[in-house]
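J.: Predicted structure and sequence below. I'll ask about it afterward.
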Amino acid sequence: MRKSHEILAELNVALEQFATAEGEARAALAIKIKDLTNELNEAQIDEAARRAIANQRTLSPQEKRELQHFSITKFLLESRSDKLSGLEAELAKEGEAEYRETFGKKGEGSFLPSFLCRDYTFTNATEANYGKALVTEGQLNYYEALRNAMVATKLGVRVLNGLKGQIPFVKGGGATAAWYEEESAASVQKPTYAKYLMKPHGLQIIQGVTYDLLNSSNVAIDSLIMDDLRKAHASALDAAIFTGSGSSGQPQGIIGTTGVGAVAMGTNGGALSLDTLVEFETVVGTANGLFGKLAYVTNSKVNGKAKTTPQIAGYPLYLFNDGRANGYPVEVSNVIPSNGKKGTSQTGVLSSMIFGNFEEVIVGGWGGLQFIIDPFSEKEKRVIEFSAHAYHDVFVRRPECFAVATDIATA
């Protein structure tokens, strides 16, 4: 694969030539510009992934064995009074250093470095007293478990963790070819391209744990706490990917991305049918986006309704059959809205659905986890409240590869 700077130089030359080209030469340059743009974005993804891997600290076998002694319960208990000790203190220092290197400033709270989330294996062991080596291994680490818990990764979304700095991509296009009569000039339409910078957006996950639970000194509690954290983290990432608003600190998700195709059920919304299912495919195909890992994603209300709605009245073949619709896989996530309004429909009755090639979505992750401990807000209930902060962004590379409906009636 060529380097991004080499591709960018060729793309800039092609854009300059396109401005004055005519006829077949202009059409050929339009195709070349589109191909170069796609190649440039692929190179940026590859280079970002390579940098992330290079930035990851490689642990020795001895260090990996030592990580088996790490306890999230001990980490939280000692963080509340800012008196971390032992392995937890060492890891917090490394996490703080990683945060400073990633964001260029000192952060608040306690930190877990990204290599811990990558290499520490959480288990369901029941051996008591944190500090002892965990007695079983084999479950997924935090990052792997997070990816597996996300509906978006099942659909094919690409995840890049361990990023540093801003990651540039190219968005835009509009290169067109035009016929013209002899002795007349075609109108010059210069395509517009803009740089999109993936950058970290802060995600806060709030969780409460009782003192009694933390003081139980059972390593099984580590798995319980991190499993709850992972599920909340995965749900928030799915929501950002599918429905992120692009404002108030959120990444921009698929539904609100400019250039995504639209499928309308009716003036006041309407029920899903075989015709409207096929229309999703038609909209994406008309925009030349019908390639890659194509699938539908919607919520449980649409899923339940579609699994009981015949494609043709009187025949036992339904809109959704065995996890597929119109020949494509269907995934279900309740972060997909079910409270939409259109026309005279009452608020809270219309659902959304997305169809497209989810490989065209890139999710970036920066650093490890940052913890802010609050031992006071719920002290009467003997609860320690903590917030875990992660940093992500979402980039929809080719909006034309997606079609969205926001007015599906399920009543």
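T.: Perfect, thanks for sending it.

J.: you'd agree residue 336 is up against residue 303?
T.: No. The criterion here is C-beta atoms under 8 Å, and residue 336 misses it with residue 303 at 9.7 Å. Where you see a C-beta, it was placed from the backbone N, CA and C, and this is true even at glycine.

J.: Between those two, which contacts overlap?
T.: With contacts taken as C-beta atoms under 8 Å, 6 or more residues apart in numbering, not a single residue reaches both residue 336 and residue 303.

J.: Burial check on the spatially closest residue to residue 141 that is not a sequence neighbour, number of neighbours?
T.: Once flanking residues are discounted, residue 141 sits nearest to residue 121: 5.4 Å by C-beta to C-beta, 6 or more residues apart in numbering. Neighbour count of residue 121, defined by other C-beta atoms under 10 Å: 18.

J.: part of a strand, is residue 288?
T.: No. Assessed with DSSP: H, G, I helix; E, B strand; the rest coil, residue 288 is coil; it does not lie in a strand.

J.: pLDDT score assigned to it?
T.: Per-residue confidence at residue 288 stands at 90 (pLDDT).

J.: low-scoring stretches of the stretch 201-350 of the chain, by residue?
T.: 217-219 (pLDDT under 70).

J.: Run through the strands of it in chain order.
T.: Here the stretch 201-350 of the chain has its strands, by DSSP state E, counting those that start in this stretch, at 201-210, 261-262, 270-271, 294-298, 324-325, 328-332, 350-357.

J.: Was I right to think the residue nearest to residue 141 contacts residue 144?
T.: No. Between residue 121 and residue 144 there is no contact under C-beta under 8 Å: 9.3 Å.

J.: Could I get the pLDDT score of the residue nearest to residue 141?
T.: In this model, residue 121 is scored at 74, pLDDT.

J.: In contact with residue 365, which residues are there?
T.: By C-beta under 8 Å, 6+ apart, residue 365 lies in contact with 159, 160, 161, 162, 163, 390, 391, 392.

J.: Identify the residue with the minimum pLDDT among those residues.
T.: Least confident entry in the contacts of residue 365, by pLDDT: residue 162, with 84.

J.: Summarise which helices and strands the helix or strand encompassing that one is packed against.
T.: Element membership of residue 162 [criterion: DSSP states H and E] is strand 158-163. Counting contacts by 3 or more C-beta pairs under 8 Å, 6 or more residues apart in numbering; DSSP states H and E, strand 158-163 packs against helix 23-55, helix 114-119, strand 361-374.

J.: distance between whichever helix or strand comes after it and the chain's centre?
T.: Counting by DSSP H and E, the element after strand 158-163 in chain order, helix or strand, is strand 167-173. Centroid separation for strand 167-173 versus its chain: 18 Å, with C-alpha atoms, centre = their mean, to the nearest Å.

J.: Check stretch 144-158 too.
T.: 8 Å.

J.: cool, and stretch 280-300?
T.: Its chain's C-alpha centre and that of stretch 280-300 lie 18 Å apart, by C-alpha atoms, centre = their mean.

J.: Show residues contacting that stretch.
T.: 151, 155-156, 242, 261-263, 306, 325-326, 328-338, 351-360, 398, 400-403, 405, 408.

J.: if you set the cut-off to 7 Å instead, what comes out?
T.: 151, 155-156, 242, 261, 263, 325-326, 328-334, 336, 338, 351-360, 398, 400-403 (C-beta atoms under 7 Å, 6 or more residues apart in numbering).

J.: Could you do stretch 56-66 as well?
T.: 87, 115, 118, 119, 162.

J.: first to last residue in that stretch, what's the distance?
T.: 18 Å (C-alpha to C-alpha, to the nearest Å).

J.: what do you get for stretch 240-247?
T.: Stretch 240-247 end-to-end distance (C-alpha to C-alpha) = 11 Å.

J.: Mind listing what's buried along it?
T.: Neighbour-count burial for stretch 240-247 flags 240, 241, 242, 243, 244 (criterion: 16 or more other C-beta atoms under 10 Å).

J.: and these as TSV, adding distance to residue 380?
T.: Putting those into TSV (distance: C-beta to C-beta, whole Å) gives the following:
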residue	distance to residue 380
240	34
241	38
242	38
243	36
244	36
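
J.: Name the nearest of those relative to residue 226.
T.: Checking the buried residues of stretch 240-247 against residue 226 with C-beta to C-beta, the nearest one is residue 240 at 20.7 Å.

J.: if we can go back for a sec, can you dump the C-alpha coordinates of the strand holding residue 162 into PDB?
T.: Taking C-alpha atoms only, strand 158-163 is exported to PDB below (Å, rounded to 0.1, in the frame of the first residue of the first chain):
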ATOM      1  CA  ARG A 158     -13.900  -1.000  12.000                       C
ATOM      2  CA  VAL A 159     -12.500  -0.100  15.400                       C
ATOM      3  CA  LEU A 160      -9.000   1.500  15.800                       C
ATOM      4  CA  ASN A 161      -7.800   1.700  19.400                       C
ATOM      5  CA  GLY A 162      -4.700   3.200  20.900                       C
ATOM      6  CA  LEU A 163      -4.800   6.300  18.700                       C
END
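
J.: what angle do that strand and strand 167-173 make?
T.: Put simply, strand 158-163 runs at 140 degrees to strand 167-173, going by axes from the mean of the first three to the mean of the last three C-alpha atoms, to 10 degrees.

J.: And for strand 158-163, what's in contact with it?
T.: Applying C-beta under 7 Å, 6+ apart, the external contacts of strand 158-163 come out as 48-49, 52, 55-56, 114, 143, 147, 153, 359, 362-366.

J.: hmm, try it at 8 Å
T.: Here strand 158-163 makes contact (C-beta under 8 Å, 6+ apart) with 45, 48-49, 51-53, 55-56, 114, 118, 143, 147, 153, 167, 198, 200, 359, 361-366.

J.: ditto for stretch 85-97
T.: By C-beta under 8 Å, 6+ apart, the list of residues contacting stretch 85-97 reads 66-67, 69-71, 74-75, 78-79, 84, 106-107, 110-113, 115-116, 131, 368-370.
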